[in-house]
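Trainee: Next come a sequence and a model predicted from it.
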Amino acid sequence: MNSTLKAIETTGRLDEHNRIILDEPISVKASQSVKVVILFEDEEIDEQSWMNSAAVNPAFEFLKEKKEDIYTAKDGKPFNDKK
């Protein structure tokens with residue numbers, strides 16, 4: 001059986017039992033199965049966590065290739081941020 005997925009965008013909140021409470025009613029039959037994607041604003045990630053994630057993310061594997069290693073420690077000028 002083929003089915004077509006339809007999307008509805010709305011907002012809501014999670015209650016103390018992690019149940020989703022929608023801000024407005026939606027036009028879906030009661031007891032109908034749904035798929036849920038939850039997007040939420042998270043606290044800002046600190047720089048070290050960001051660097052650790054990037055270091056193990058397969059999207060950056062290409063940077064390990066020899067042809068990407070084009071700079072040396074002698075390139076550029078030192079940067080000292082004195083505030």
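Mentor: Okay, I see it.

Trainee: Only C-alpha atoms from now on, for both contacts and neighbour counts.
Mentor: OK.

Trainee: can you map out the strands along this structure?
Mentor: 12-14, 20-22 (DSSP state E).

Trainee: which of these is buried the deepest?
Mentor: Here the criterion is mean neighbour count by mean count of other C-alpha atoms under 10 Å, and of those the winner is strand 20-22, at a mean of 13.

Trainee: Each with direction, which strands does that one pair with?
Mentor: strand 12-14 (antiparallel) (DSSP bridges).

Trainee: Residue 63 versus residue 74, what's the distance?
Mentor: Using C-alpha to C-alpha, to the nearest Å, one gets 19 Å for the distance from residue 74 to residue 63.

Trainee: Low-confidence ranges, the protein, go.
Mentor: Low-confidence segments of the chain (pLDDT under 70): 1, 83.

Trainee: ranges for the helices of it?
Mentor: Counting by DSSP state H, the chain has helices at residues 47-56.

Trainee: now the strands of the chain in CSV, with distance to residue 82?
Mentor: Converted to CSV, these look like this (distance: least, C-alpha to C-alpha, whole Å):
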stretch, distance to residue 82
strand 12-14, 43
strand 20-22, 48
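
Trainee: Ok, which of these comes nearest residue 51?
Mentor: Shortest distance between residue 51 and the strands of the chain, using C-alpha to C-alpha, is found for strand 12-14: 30.5 Å.

Trainee: now what about the closest one, what contacts it?
Mentor: The contact list for strand 12-14 (C-alpha atoms under 8 Å, 6 or more residues apart in numbering) reads 20, 21, 22, 23, 24.

Trainee: So what does the residue nearest in space to the middle of the chain have for phi and psi?
Mentor: Centroid check for the chain by C-alpha atoms, centre = their mean gives residue 39 as the closest residue, at 8.9 Å. Phi and psi for residue 39, reported as degrees, to the nearest 10, are phi -110, psi 130.

Trainee: one step back: pick out whichever of residue 74 and residue 63 has more residues nearby.
Mentor: Comparing residue 74 with residue 63 by other C-alpha atoms under 10 Å, the one with more neighbours is residue 63, at 10 against 7.

Trainee: Spatially, what comes nearest to the more buried one if we skip its sequence neighbours?
Mentor: residue 69 (7.5 Å; C-alpha to C-alpha, 6 or more residues apart in numbering).
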